[in-house]
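Visitor: here's my sequence, what's the structure:
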Amino acid sequence: MVNKDPAFLFYSKDWIQGTAKLMPEEKGVYIDLLAHQHQDGDLPNDTKRLARIAGMSEGDFLPIWDNIKNKFKDNGNNRLVNRKLTELMTERSEKGLKNKIIGTLASVVRLSNAPYDVKYQAKKNFDYTHFLTVEQPKLTEVITEWFNERLKSIGNGNEDGNGNNILNKYWFLKFYHGNYESYLKVFNGQSTTQEMFVMWKSFLDLIYEKKLDEIFECKFVSPHDFAKLVLKERFSKEKWEPVLKSILATGVKPEHNLYFRIPQFMKYDKKDAVTETKVERLPDAREAAKKYL
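Guide: Predicted coordinates:
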């Protein structure tokens, strides 16, 4: 059995404006009826029963009801509701269920022993609306089953969790979790040194540590190409994070190639550095010029 929501949002400004013309006893009955609607879902369309809910005789209740009955409408089932409250209850219920579904997924992901990047890809295409009709006692079981299926698909190199082939897109994950020998067997002629391979893995470590993994949406660099960037373009460790953040700030697309975008954004950073240097030196130049005026 689902527990009833113990509360609803109370908008003080709306209440003050909406009840400005009511007497204190009318406000008291009104808020009592709203509270009962919140707990029961609706109210009886019967003044005798409404009077009982308000704790009054029908004779005392009817004059008050005449001034507040316009706050309630028939819901089509010969029951009364305050429509604003019904909207708030529905919105709160949907938001609560959404949070419960997302929270359940977070718990399932946290308890999984799969590598972080694989879990990231598995949960990336999660759509909570697919689980709105699942009975809450079965929610964890159903979401766990869904998540394990996504892990299985990604582990086979077939899908990204949404039915899309990722064999080429996320090829690097296999080598990130593997060793240098397995990398050599695949790339052979286009391999790099073990030192550069380790540095390439450190590059991915930083991406995960700084939560920059959106960069995986574009074509990622191989250890071989990464070595070229380090040796020829001087893509040293202190430049990794700022350059990646600059790239992400402009947006990434699948057609973008990180091997070409890294040097481009390194040039932008150099131009910015030169501009800043000129601006900093400008006051000194003016002071020096004053001597000749």
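Visitor: and Thr86, how many residues sit next to it?
Guide: 16 (other CB atoms under 10 Å). Glycine gets a C-beta too; all of them are placed from N, C-alpha and C.
Visitor: helices or strands up against the host helix or strand of it?
Guide: Assigned by DSSP states H and E, Thr86 belongs to helix 83-111. For helix 83-111, the packing partners by 3 or more CB pairs under 8 Å, 6 or more residues apart in numbering; DSSP states H and E come out as helix 24-40, helix 116-124, helix 139-155.
Visitor: what residues of the first one count as buried?
Guide: So the one you mean is helix 24-40. Glu26, Lys27, Val29, Tyr30, Leu33, Leu34, His36, Gln37, His38 (16 or more other CB atoms under 10 Å).
Visitor: residues contacting the fourth one?
Guide: Applying CB atoms under 8 Å, 6 or more residues apart in numbering, we find Tyr30 in contact with Thr19, Leu22, Ile68, Lys71.
Visitor: and Asn75, by the same measure?
Guide: Counted by CB under 8 Å, 6+ apart, Asn75 has contacts Asp42, Val81, Thr86.
Visitor: of those, closest to Lys119?
Guide: Thr86 (39.4 Å; CB to CB).
Visitor: which residues does that closest one contact?
Guide: The neighbourhood of Thr86, defined by CB under 8 Å, 6+ apart, consists of Gln37, Asn75.
Visitor: the same query, at a cut-off of 10 Å, please.
Guide: Thr86 makes contact with Gln37, His38, Gly41, Asp42, Lys73, Asn75 under the criterion CB atoms under 10 Å, 6 or more residues apart in numbering.
Visitor: equivalent analysis for Thr144, please.
Guide: Each residue near Thr144 by CB under 10 Å, 6+ apart is listed here: Thr104, Leu105, Ser107, Val108, Leu111, Ser112.
Visitor: can we see that at 6 Å?
Guide: Val108 (CB atoms under 6 Å, 6 or more residues apart in numbering).
Visitor: so this protein: which segments form each domain?
Guide: Following automatic domain parsing, the chain resolves into domains at 12-81, 91-155, 172-285.
Visitor: what is the end-to-end distance of the first one?
Guide: Counting by CA to CA, to the nearest Å, you get 20 Å between the two ends of domain 12-81.
Visitor: pLDDT of it, averaged?
Guide: Mean pLDDT, computed over domain 12-81, is 94.
Visitor: kindly report the same for the shortest one.
Guide: Per-residue pLDDT values over domain 91-155 give a mean of 84.
Visitor: with stretch 198-214 instead?
Guide: On average, stretch 198-214 scores 93.
Visitor: show residues contacting that stretch.
Guide: Tyr116, Tyr176, Pro223, Phe226, Trp240, Glu241, Leu244, Leu248.
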